[in-house]
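Asks: sharing a model that was predicted from the sequence below.
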Amino acid sequence: MKRFEYKVPGGKLLCAKVKTDENKISFIQFTGDFFLLPETDLEDLENQLIGTNIDTEKITEKIVDFFNTRKTVIAGAKPEDFANVLKNALK
């Protein structure tokens with residue numbers, strides 16, 4: 001299991017725990033002191049990332065598209081911050 005923490009400049013702490021199997025995400029969990037509404041979107045995002053190839057461009061695209069499609073309200077971070085913490089956890 002890999003883990004990475006990231007303090008968003010002027011924002012909140014994001015942490016990603018990730019496990020991979022055959023270059024695909026098999027487990028992902030985001031935690032931190034950010035705010036996200038509706039809260040269920042976080043679990044939905046994690047579920048959608050399961051099975052995703054660890055190609056960093058695709059991860060960023062998938063996370064940004066997810067939040068834009070859902071119109072999720074995030075306080076203290078941006079979709080790109082979630083992608084950044086995940087990509088660093090995968091290194």
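Replies: Structure's in. What do you need?
Asks: from the opening residue of stretch 29-43 to its closing one, how far?
Replies: Between the opening and closing residues of stretch 29-43 lies a distance of 8 Å (Cα to Cα, to the nearest Å).
Asks: contacting residues around it?
Replies: 5, 8, 11-18, 45-46, 66-67, 70, 72-77, 82, 85-86 (Cβ atoms under 8 Å, 6 or more residues apart in numbering). The way it works is simple: take the backbone N, C-alpha and C, and place the C-beta from them, glycine included.
Asks: try 10 Å
Replies: For stretch 29-43, the surrounding residues in contact (Cβ atoms under 10 Å, 6 or more residues apart in numbering) are 1, 3, 5-8, 11-19, 44-46, 49, 63, 66-67, 70-77, 81-82, 85-86, 89.
Asks: list the ones among the residues you listed that fall in helices.
Replies: For the contacts of stretch 29-43, membership in helices holds for 44-46, 49, 63, 66-67, 70, 81-82, 85-86, 89, with DSSP state H as the criterion.
Asks: need the residues you listed in a markdown table with distance to Gly32 and neighbour count, can you?
Replies: Listed next are those as a markdown table, based on distance: Cβ to Cβ, whole Å; neighbours: other Cβ atoms under 10 Å:
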| residue | distance to Gly32 | neighbour count |
| --- | --- | --- |
| Asp44 | 17 | 13 |
| Leu45 | 13 | 20 |
| Glu46 | 13 | 16 |
| Leu49 | 16 | 21 |
| Ile63 | 15 | 24 |
| Phe66 | 17 | 17 |
| Phe67 | 15 | 19 |
| Arg70 | 19 | 13 |
| Asp81 | 10 | 21 |
| Phe82 | 10 | 28 |
| Val85 | 8 | 24 |
| Leu86 | 12 | 27 |
| Ala89 | 12 | 22 |
